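In: What would the 3D arrangement of this be:
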Amino acid sequence: MKKKIQELALVTLGALISAIGFNTMFIENNIASGGVGGLAISLNSLFGWDPASFVLIANIPLMVLCFFLLGKSIFLKTVYGAWIYPLFINLTAPLPNLTHNPLLAAIFGGIILGFGLGLVFLGNSSTGGTGILVQILNKYTPIPLGILMALIDGFVVGIGVLAFDFDTVMYSIIALICITYVINLMMAGSDSSRNLMIISQEHQAIKEYITKVADRGVTELPILGGYTGIEKRMLMTTVSRPEYTLIETEILKIDETAFMVVMPASQVKGRGFSLNKHHQFEDDILIPM
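Out: Numbers count the residues shown, from 1 in each chain. Below is the predicted model of the structure:
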């Protein structure tokens, strides 16, 4: 229940931030940065259609695909995102345009929308629209989320040629690049972990702490000092980013002279990360985390 509330909060906050960026940066500057929202800006210029209403209506057939291809759970969360996003667009419509410089609007609007959509994706949902197509393709293909979004939204940006001049379309491409970059950065950061290599005379005590207190797996490697020629032991463990600070602090409490090398691990698969911990499987080829 706590996780569901957190995801719902992420979707709500992300949709609000995205709507603010949409209204204060994109609409008056004609930045059609992709997605149903970008298409709505193009159609608003061509036919005067209300962007919020178009986003809401266009989501209906896409929600049908979501139900059958992504499952009931994602569908229910996406229904909320697909409803709350156009609602926030309506509510934030009175906000003033923050800049009349299209380059600034493309860059900073892209950052704001990218951050908002990143929060929505972290909530395991979307604001509907092409985000649904992105999630479907991400589920059934190995292509990264950000690249899929760039491909689909790039097509929508191309449609902007019918409504705007080429300069405006190129600003839209800049905005799309910014959105994609920020989303990729957020999605990679959410899964990132830290790989620690530790050399210490107190390796036994550190190993006890990692396995019994931090509840993480550890690999013990024999090493040979290049300068001294003395045999030593090196510990290697992988921890999530939130765990790293506490583990580092506790290791230094055990041995303030401990030598540690910390490397980012953008993706970690296996027990304790992508798989549940099963300490009872002592003969498992995957060391229980």
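
In: Give me the contact list for stretch 232-245.
Out: The contact list for stretch 232-245, computed with CB atoms under 8 Å, 6 or more residues apart in numbering, reads 189, 192-200, 203, 206-207, 210, 214, 216-225, 247, 262, 265, 268, 273, 289. C-beta coordinates here come from the backbone N, C-alpha and C atoms, glycine included.

In: Averaged pLDDT, it. What do you get?
Out: For stretch 232-245, the mean pLDDT works out to 86.

In: any idea where the helices of this protein begin and end?
Out: Ranges of helices in the chain, per DSSP state H, are 2-21, 35-47, 51-70, 72-91, 102-122, 130-140, 145-159, 166-191, 203-208, 241-254.

In: follow-up on the earlier one: any of the contacts of stretch 232-245 buried? List them.
Out: Neighbour counting with 16 or more other CB atoms under 10 Å marks 193-194, 196-200, 203, 206-207, 210, 214, 216-218, 247, 265, 268, 273, 289 as buried within the contacts of stretch 232-245.

In: Looking at those residues, which are in strands?
Out: Mapping the buried ones among the contacts of stretch 232-245 onto strands (DSSP state E) picks out 193-194, 196-199, 265.

In: now, the most widely separated pair of these?
Out: Spanning the widest gap among these are S193 and I199, at 20.4 Å by CB to CB.

In: Near V64, how many residues? Count them for me, please.
Out: Neighbour count of V64, defined by other CB atoms under 10 Å: 12.

In: Any figure for the gap between it and I132?
Out: Distance check for V64 against I132: by CB to CB, to the nearest Å, it reads 10 Å.

In: quick one: low-confidence parts of the stretch 51-200 of the chain?
Out: 146, 188-192 (pLDDT under 70).

In: And the residue nearest the centre of this structure?
Out: Nearest residue to the geometric centre of the chain (CA atoms, centre = their mean): M187, 2.4 Å.

In: Contacts only, for the closest residue to that residue other than its chain neighbours.
Out: In space, and not counting its chain neighbours, M187 is closest to L145: 5.7 Å by CB to CB, 6 or more residues apart in numbering. Counting by CB under 8 Å, 6+ apart, L145 makes contact with 121, 134, 138, 183-184, 187.

In: which residues does the closest residue to F108 other than its chain neighbours contact?
Out: Counting by CB to CB, 6+ apart, M25 is the residue found nearest to F108 once chain neighbours are left out, at 6.3 Å. The neighbours of M25, taking CB under 8 Å, 6+ apart as the test, are 31, 97-99, 105, 108-109, 112-113.
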